[in-house]
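Trainee: build me a model from this:
(chains A, B, C and D)
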2 protein chains.
Amino acid sequence: MADIARMAGVNVSTVSRALSGSALTNEETRTRIMEIAAALKYTVNAAGQSLRSGQSRTIGVVIPIDPASQGHVSDPFFLSLLGGIADALTEHGYDMLVSRIHVDELEAASQLSATGRTDGVILIGQWHHHDQLNQIAARGIPLVIWGARLPYQKYATVGTDNTLGGELATGHLLDQGARRIVFLGDIELPEYRQRHQGYLNAHAKRGLLVDPSLTRAIAFVPALVRQEVEAMLASKAQFDGVFAASDVAAMTAISALLRAGVRVPDDVLVAGYDDIGPAAYTHPSLSTIRQPMHEAGQSLVAVLLRQIKGEPAASVVLPTELVVRDSTRR
Amino acid sequence: MADIARMAGVNVSTVSRALSGSALTNEETRTRIMEIAAALKYTVNAAGQSLRSGQSRTIGVVIPIDPASQGHVSDPFFLSLLGGIADALTEHGYDMLVSRIHVDELEAASQLSATGRTDGVILIGQWHHHDQLNQIAARGIPLVIWGARLPYQKYATVGTDNTLGGELATGHLLDQGARRIVFLGDIELPEYRQRHQGYLNAHAKRGLLVDPSLTRAIAFVPALVRQEVEAMLASKAQFDGVFAASDVAAMTAISALLRAGVRVPDDVLVAGYDDIGPAAYTHPSLSTIRQPMHEAGQSLVAVLLRQIKGEPAASVVLPTELVVRDSTRR
DNA sequence: TTGAAAGCGCTAACAC
DNA sequence: GTGTTAGCGCTTTCAA
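Mentor: Numbers count the residues shown, from 1 in each chain, chains lettered A, B, ... in the order given. A predicted model of the protein is given here:
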């Protein structure tokens, strides 16, 4: 920067102002400085900028690692969400620092901000750690969570209306004639618990009873989902519908059913949750609840940046809609 | 840091040394300093550290956005690879800055290092930009590419042996009795071109002729793959095997075939490439060439860190093996 | 509209 | 083994 100042015959501070597009610069001086900078292939040093300004223009995105799934979060849903966040951050001129953090060490997430490495944190999923997240938020660290809206939360969340989504999916299965619907999903986690609540609501609104034995609270590891479906078939459990609280689980369930000679949708109707890309292209195509990834990214970033500016930021509930495809049509 | 120094009755430099685990510190002083730091919930400021040391301890991971797929890279393969890289970086104490960059603006990747934001760059896929990558590498920016080994490359690559993989997959299809095998993949991209070369080699080694009309050079967008398969069926093209140069493409092809009433593997054998998680759990399960994601991450990071240390870093070819599942068994 | 100068938090070369 | 000190590259307050 000093070099440019010398070459342009001005002071470094003028160069700094010109390069950052400050309003207090002469148009002519600015263009001259810009040209010299371009010729020198000069780029502002991020560390200096960050040290002085106290901002990193970087946001941390934390993907918790679930020990149950042996550290392999490979759900395409995450990648889509990550993409949505990346796009939104780019629009706002922020970089994205991605960390995988063990679900039981969420404290580490606050380190990202404590070290000044990031200006705020987006956490994907609240897991079992409602209280811990409240603590982090209370410490004043800008924080937004992708997840469910919970009572007494001090942190902001963005997500679909999980209860409504669960109700829409289950209601659709019931309206298509299913009467004994299996629920797949770990109801220990808030999002899935709410989807399960929707599953219960849909039955209640139609005056139908729910068989609790049809609720299978399992983690979404393909091998587990497959095992569970196979176990149900082996035990001759009666069911004519499956609501899996994620598309990947739904697809795995479908493949386990097909493998066992059970036809989908003819014998069993199946619905998922997320609407990941492949949902439209598998066979049969999958009915599901759409989670709008692009909007999700936009909202997560918008809410976080508002917090960084010091404004109070409210949670966002995204539009939640049913997408009907072949897996529930007969 | 000054506060800690005062409280510990030492100089800031001692604190700095203690906190960074320098060998030149008294054990006793160190623990005292550590305790005070912990009590104060102090963490070193990354910007100051980076500014002074000239290192960011951050690596940029660039995921090119392909305009053909409308900016939506949702292949689970990427997420697995990203996970592998993240794990390896964490082991070495590096952070991961993820950028989505348009394939035609790869210059931006070098900005990450020019601004000092990252110490090096891992680029996922070399696309059509061999020459441009050579330029960036020539500029001395530590750079590793996930992709194919090419003649006259000045940059380091890590990847499987694409030619061998293509040959293994195609050879297996031929050995299982397929004679007219469709190749799906954009052969303009080096990796897929090499896989196609393997496809040709497998035929040649068995003294079989290849019908060029069976090579379908399409981009891996689910809708396009599906269209292509449907078009082939509509035109009554004769084929009894499909080698898709990615698992997602293979799965989409299978679903398009099933939808049209073509049985897999009974009527048509299908093999993919990557061995993404779902490959084992779809119906039928997918035969494919395994790309070891964990090792991939380890190698990419190892090669890059070696370059950062100033050592010359050679490219790595990962073990490439065939995984046989139901989609090619009859 | 520009210049001068201080200082963000840290590390490392040098002195003791 | 520890202290002193300079300075990494930048922004911003204050003065002109």
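Trainee: OK, contacts around A:G93?
Mentor: Shown in contact with A:G93 (Cβ atoms under 8 Å, 6 or more residues apart in numbering or on different chains): A:R57. C-beta here means a position set from N, CA and C on the backbone, and glycine is covered the same way.
Trainee: then A:N45?
Mentor: Neighbours of A:N45 in contact, by Cβ under 8 Å, 6+ apart: B:L51, B:T115, B:G116.
Trainee: top of these by neighbour count?
Mentor: Within the contacts of A:N45, most neighbours by other Cβ atoms under 10 Å in any protein chain shown means B:G116, with 21 neighbours.
Trainee: how about the contacts made by that residue?
Mentor: By Cβ under 8 Å, 6+ apart, the contact list for B:G116 reads A:N45, A:A46, A:A47, B:S50, B:G54, B:S56.
Trainee: minimum pLDDT in those, which residue is that?
Mentor: Lowest pLDDT within the contacts of B:G116 is found at B:G54 (92).
Trainee: ok, that residue to B:D119 distance?
Mentor: According to Cβ to Cβ, to the nearest Å, B:G54 stands 9 Å off from B:D119.
Trainee: give me the common contacts of the two.
Mentor: Between them, B:G54 and B:D119 share no contacting residue, judged by Cβ under 8 Å, 6+ apart.
Trainee: neighbour-wise, which of the two wins?
Mentor: Using other Cβ under 10 Å as the criterion, B:G54 and B:D119 rank with B:D119 on top: 22 against 10.
Trainee: surely that one touches B:S50?
Mentor: No. Contact criterion Cβ atoms under 8 Å: B:D119 and B:S50 do not qualify, at 9.5 Å.
Trainee: shared neighbours of the two, anything?
Mentor: Counting by Cβ under 8 Å, 6+ apart, the contacts common to B:D119 and B:S50 are B:S56, B:R57.
Trainee: which residues does the closest residue to A:P292 other than its chain neighbours bridge with?
Mentor: Once flanking residues are discounted, A:P292 sits nearest to A:L318: 5.7 Å by Cβ to Cβ, 6 or more residues apart in numbering or on different chains. With DSSP bridges as the criterion, A:L318 is bridged to A:T160.
Trainee: now the contacts of A:N45 as TSV including secondary structure, pLDDT and distance to B:S13?
Mentor: Below are these laid out as TSV (DSSP: H, G, I helix; E, B strand; the rest coil; pLDDT from 0 to 100; distance: Cβ to Cβ, whole Å):
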residue	secondary structure	pLDDT	distance to B:S13
B:L51	helix	93	17
B:T115	coil	95	28
B:G116	coil	95	24
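Trainee: between the residues you listed, which is nearest A:A245?
Mentor: When these are ranked by distance to A:A245 (Cβ to Cβ), B:T115 comes first, at 42.1 Å.
Trainee: and that closest one, how far from A:Y42?
Mentor: B:T115 sits 10 Å away from A:Y42, taking Cβ to Cβ as the criterion.
Trainee: per the record, what domains does chain A have?
Mentor: Taking automatic domain parsing as the domain assignment, the ranges for chain A are A:2-44, A:58-159+A:292-317, A:162-291+A:323-328.
Trainee: and the ones you listed: which comes nearest B:A86?
Mentor: Closest approach to B:A86 among these is made by domain A:58-159+A:292-317 (4.9 Å; Cβ to Cβ).
Trainee: now do the end-to-end distance for that closest one.
Mentor: One end of domain A:58-159+A:292-317 to the other measures 25 Å (Cα to Cα, to the nearest Å).
Trainee: what's around the residue of the stretch 201-330 of chain A found nearest DNA strand C, how many residues?
Mentor: Of all residues in the stretch 201-330 of chain A, A:I308 sits closest to DNA strand C, at 17.6 Å by Cβ to the nearest atom of the strand. A total of 15 residues lie near A:I308 under the criterion other Cβ under 10 Å.
Trainee: next one: the one 10 residues further on
Mentor: The burial metric for A:L318, expressed as a neighbour count using other Cβ under 10 Å, is 17.
Trainee: quick check, it in contact with A:E295.
Mentor: Yes. If you go by Cβ under 8 Å, A:L318 and A:E295 touch, sitting 5.7 Å apart.
Trainee: I'd assumed A:F183 was in a strand, is it?
Mentor: Yes. The assignment for A:F183 is a strand, going by DSSP: H, G, I helix; E, B strand; the rest coil.
Trainee: residue contacts, the closest residue to it other than its chain neighbours?
Mentor: Distance criterion Cβ to Cβ, 6+ apart; nearest residue to A:F183, sequence neighbours excluded, is A:T215 at 4.6 Å. A:T215 makes contact with A:V182, A:F183, A:I187, A:H196, A:Y199 under the criterion Cβ under 8 Å, 6+ apart.
Trainee: now do A:V323
Mentor: Counted by Cβ under 8 Å, 6+ apart, A:V323 has contacts A:D275, A:A279, A:S287, A:T288, A:I289, A:R290.
Trainee: can those residues go into a markdown table with extra columns for neighbour count and distance to A:G165?
Mentor: Shown next, in a markdown table, are these (neighbours: other Cβ atoms under 10 Å in any protein chain shown; distance: Cβ to Cβ, whole Å):
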| residue | neighbour count | distance to A:G165 |
| --- | --- | --- |
| A:D275 | 23 | 10 |
| A:A279 | 23 | 14 |
| A:S287 | 26 | 12 |
| A:T288 | 29 | 9 |
| A:I289 | 28 | 4 |
| A:R290 | 18 | 9 |
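Trainee: within reach of DNA strand C, which of those are there?
Mentor: Counting by Cβ under 7 Å from any atom of the strand, nothing from the contacts of A:V323 sits close to DNA strand C.
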